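>>> just the structure for this:
(one chain, ligands or ions: 1)
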Amino acid sequence: MLDRLERLPADSILGLAAACRADPNPDKVDLTVGIYMDEQGRCPVFEAIRSAQQALVAQEVTKAYMPPAGDEAFIQGMQTLVLGPDSAALAEGRVGSVQAPGGCGALRIGAEVIFRAAPEARVWVSDPTWPVHFPLLGSVGLTFETYRYYDPASHGVNFEGMLADLQRTRPGDVVLLHGCCHNPCGADLSLEQWGEIAALAEQRGFIPFVDIAYQGLGAGIEADAAGLRLLVARLPEVVIAASCSKNMGLYRERAGLAMFVCRDESSAQAAVSQALVAARGIYSMPPAHGALLAGRVLSDAALAQSWRAELATMCERINGLRRELRHKLAASSGRDFDFIERENGMFSFLGLSTEQVLRLRGEFSVYMLDSSRINVAGVNRRNIDYLAQSVAAVL
Ligand SMILES: Cc1ncc(COP(=O)(O)O)c(C=O)c1O
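Take a look at the predicted model:
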C-alpha cells in the first residue's frame, strides 16, 4: 500500500537552507530560515534558559506525563506575558489556556476549537501570510479567504484595502492577525489601526485569531503585544496562539500556548475542555521540557530579568541591523531602502524580482526566499557589505 505514495518535494524554505549549507562559497550568506542568529551566525541558548535547565535536570524526579493542559507556571507566566499584568480578561477569569507543541501546535489547537464552535467559519488571512498557516488551519477543515495586507509599492500595509476586504466578513468568521513582526513582510499595524480593526470586529461580528510568535523582537515585549491587548480589552472573544520558539530560543523544545479569551468563565472552561479533547486526538499530552524551562524563567524574578535583558539586546541588534542595512543598500545601489527601518522583527521583503533573487543565489551565494524575504538576523558585520554589494549588482 505504501508503495502507492507519491514522493513530495521537501519544504521549500528548509530546502533552501540545506542548499546554502551545501554551498562551498566561503562568502555565502544565509537569510532563509526564520531563526534568530547572533553576530557569529549562531542561534544562541538564552542564559536564563541555560540556568533553568541546569536546575531542572538536577531536580527532576519523574518523566511521567504532563497534566493535559500543561504546566501551571508556564500557563500563568505566558498569559501574563502576552495579555499583560493588568489584563481585565485575566482578572475576570475569562481566559482559558492550553499548553501546545510550539506556536504551530497552538495554532492548530486554536483552529480545532474554532471548528468545533463554528465549522462554517471562514478564516481570513493576510496576503501574504506565513505559508504554514494554510496546512495548520486548513487540515482541521476550515476554509480561507484573503484580505489585502502588504503593498509592495509603498513597502507598507495597505490598510484601506485590508478594511475594505474585512467589510466582507460574516458574523462568526475568523480573522487571523499577526500580533507583531509580520511574517513574511515585517510591516505591522499601528496601534490606531489595531483600534480600527477592533471597531470593525465589533461592527461585523468577526473573531480575531492572533498569532504572536515574535513578542519582544520588534519594538519590545510590551509594545509588541499592545495591539493584541487592545483587541482583548475591547472584544468579548479573541483566540491567541503564542510561541516561545523565537523569544525564548526554545525552537526545538516546542513550547507554545493556545489562549481562548471568552465572554465568561464558563465559556473559557468549555473552550479548554474542547481543546483538551482535540489535543487527545492528535498528540494526547504536551511535551514537558521547553514549557518547564519557560515556566521557571517567567516565574523567577532574577531569571525573568536576565531573559528580558537578553531579549532586549537581540531586539536592539535586529533594529541596529535594519538601520545599517538600509544605509548600506542605499549607498551601494543608489535606491531608497528606508522601508527596512520602518518594519519590525526579523523579516523584510527586499522588493527584488524572482530573477534577481535567483541571480543572487547562483552568482553570489546569497540565499533568500524567492519572494525576496530576508531574515534580517542572518546579517552580521562580516557579511553586510558583501550582501549590500551583491544586491546592488543584481539591481
Ligand atoms: C508567523 C509564525 N507563526 C507561528 C510560528 C510558530 O513557530 P513554532 O511552532 O516554532 O513555535 C512561526 C514560526 O516560524 C511563525 O513565523
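>>> residue contacts, residue 52?
By Cβ atoms under 8 Å, 6 or more residues apart in numbering, the contact set of residue 52 is 292, 293, 296, 297, 300, 303. C-beta: built from backbone N, CA, C; applies to glycine.
>>> so of those, which ones are in helices?
Among these, the residues falling in helices (DSSP state H) are 292, 293, 296, 297, 303.
>>> if I look at the first one, how far off is residue 74?
Between residue 292 and residue 74 the distance, using Cβ to Cβ, to the nearest Å, works out to 7 Å.
>>> who's more crowded, those two?
Per other Cβ atoms under 10 Å, whichever of residue 292 and residue 74 has more neighbours is residue 74, with 29 against 21.
>>> wait, doesn't residue 84 sit right on residue 228?
No. Taking contacts as Cβ atoms under 8 Å, residue 84 lies outside contact range of residue 228: 9.3 Å.
>>> more neighbours: those two, which one.
Set residue 84 next to residue 228 and count neighbours by other Cβ under 10 Å: residue 228 wins out with 27 against 19.
>>> need the mean per-residue confidence for the helix or strand hosting the more buried one.
Assigned by DSSP states H and E, residue 228 belongs to helix 221-234. Mean pLDDT, computed over helix 221-234, is 98.
>>> whichever helix or strand comes after it close to the ligand?
Scanning forward in sequence from helix 221-234 by DSSP H and E, the next helix or strand is strand 238-243. Yes. Contact of strand 238-243 with the ligand (Cβ under 6 Å from any ligand atom) involves residue 243.
>>> for stretch 291-308, same thing?
No. Stretch 291-308 lies apart from the ligand when judged by Cβ under 6 Å from any ligand atom; the minimum separation is 11.4 Å.
>>> which other residues reach that stretch?
46-49, 51-53, 55-56, 66, 70-78, 80-81, 99, 216, 221, 244, 248, 250, 253, 255.
>>> chain center to that stretch, what's the gap?
In terms of Cα atoms, centre = their mean, to the nearest Å, the centre of stretch 291-308 is set 20 Å apart from its chain centre.
>>> so which of the contacts of stretch 291-308 also contact the ligand?
Near the ligand, by the rule Cβ under 6 Å from any ligand atom, you find none of these.
>>> please pick the buried ones from the residues you listed.
Buried subset of those (neighbour count, 16 or more other Cβ atoms under 10 Å): 46, 48-49, 51-53, 56, 66, 70-71, 73-75, 77-78, 81, 99, 216, 221, 244, 248, 250, 253, 255.
>>> out of those residues, which are inside strands?
99, 255 (DSSP state E).
>>> show the contacting residues for residue 88.
Residues near residue 88 by Cβ under 8 Å, 6+ apart: residue 233.
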